[in-house]
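>>> Next come a sequence and a model predicted from it.
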Amino acid sequence: MNQPAYAFIKRLMDITASVILIILFLPFWIIIPILIRLDSPGPVFFRHKRIGKNGEEFDMYKFRSMIDGAHDYLHKQNPELLKQFKKGDWKLEKDPRITKLGRVLRSLTIDEFPQLVNVLKGQMSLIGPRAYMKQEIDEQVKKYPETKPFIKQILSIKPGITGPWQTSGRNEIPFTKRAELDAEYARQKSIFKDIMIILKTPKAMLSKW
């Protein structure tokens with residue numbers, strides 16, 4: 001399939017599926033905000049700068065699953081925790097910033113639902129590489145220079161809500177392998193591959209429950 005046809009079909013799939021999922025999971029859009037408010041103080045939604053196609057930054061939306069001010073808590077108030085975070089390839093095995101409800105939302109990937117808005121806005125796709133933070137990319141490429149060619153390929157397409165990393169082990173996968181998986185998807189993208197990832201996603205969503 002040529003690239004214009006692929007891009008058209010993929011965008012059509014993104015819009016159609018996003019609208020259907022938003023309607024199908026309408027109760028979540030009502031119940032989850034109430035539960036978040038009851039669980040911890042702070043906003044319902046969390047916005048975070050991520051790098052999209054061609055290196056353009058955008059605000060990625062999530063249901064808040066951490067304490068309010070989680071970024072400052074890690075980067076400005078707890079240097080030892082930040083050290084562990086970076087040593088673990090921008091992950092913490094037991095992240096104290098995650099709320100009780102947040103652990104449930106994350107284990108079922110419900111916190112990612114608001115990204116459907118990013119898909120409708122054309123900033124993301126349903127299927128694609130992980131949406132990275134600029135600082136994460138800069139520091140990880142410095143730490144793992146062999147991943148630099150992968151990052152260039154990853155940023156040639158839109159990031160996705162789900163993708164090869166999300167359906168292949170998620171946090172258990174080191175950055176080097178994650179970047180390689182995402183770059184491979186960017187090179188070999190196809191509707192067939194997208195469908196296969198979609199079929200794997202429900203199992204991946206429930207794998208941590």
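Yes, it's here. From a predicted model like this one, the values you see are computed outputs, not experimental measurements.

>>> Residue 87 - how many residues pack around it?
Close neighbours of residue 87, defined as other Cβ atoms under 10 Å, add up to 11. In short, each C-beta sits where N, CA and C put it, glycine included.

>>> residue ranges with poor pLDDT in this structure?
Residue ranges of the chain with pLDDT under 70: 1, 169-171, 207-209.

>>> which parts of the longest helix seen in it are buried?
In the chain, with assignment by DSSP state H, the single longest helix is helix 3-24. For helix 3-24, a neighbour-count test (16 or more other Cβ atoms under 10 Å) marks 10, 13, 14, 17, 18, 21, 22 as buried.

>>> and which of these is nearest residue 48?
residue 18 (19.5 Å; Cβ to Cβ).

>>> measure the closest one to residue 68 for me?
28 Å (Cβ to Cβ, to the nearest Å).

>>> and what of residue 23?
Residue 23 sits 30 Å away from residue 68, going by Cβ to Cβ.

>>> What are the buried residues along stretch 92-105?
Neighbour-count burial for stretch 92-105, counted by 16+ other Cβ under 10 Å, picks out 92, 95, 97, 98, 99, 101, 102, 104, 105.

>>> same deal with stretch 31-48?
32, 36, 39, 42, 46.

>>> Over to stretch 157-170?
Buried residues in stretch 157-170, counted by 16+ other Cβ under 10 Å: 157, 158, 159, 160, 161, 162, 163, 164, 165, 166, 167.

>>> cool, and stretch 116-125?
The neighbour-count check on stretch 116-125 (16+ other Cβ under 10 Å) flags 116, 117, 118, 119, 123, 124, 125 as buried.

>>> Show me the two of those that sit farthest apart.
Farthest apart among these by Cβ to Cβ are 117 and 125. That separation is 13.1 Å.

>>> Dump the buried residues of stretch 92-105 to a markdown table, plus distance to residue 112 and secondary structure.
Below are these laid out as a markdown table (distance: Cβ to Cβ, whole Å; DSSP: H, G, I helix; E, B strand; the rest coil):
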| residue | distance to residue 112 | secondary structure |
| --- | --- | --- |
| 92 | 18 | coil |
| 95 | 16 | coil |
| 97 | 17 | coil |
| 98 | 14 | strand |
| 99 | 16 | coil |
| 101 | 15 | helix |
| 102 | 12 | helix |
| 104 | 13 | helix |
| 105 | 9 | helix |
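
>>> Good, we can wrap up now.
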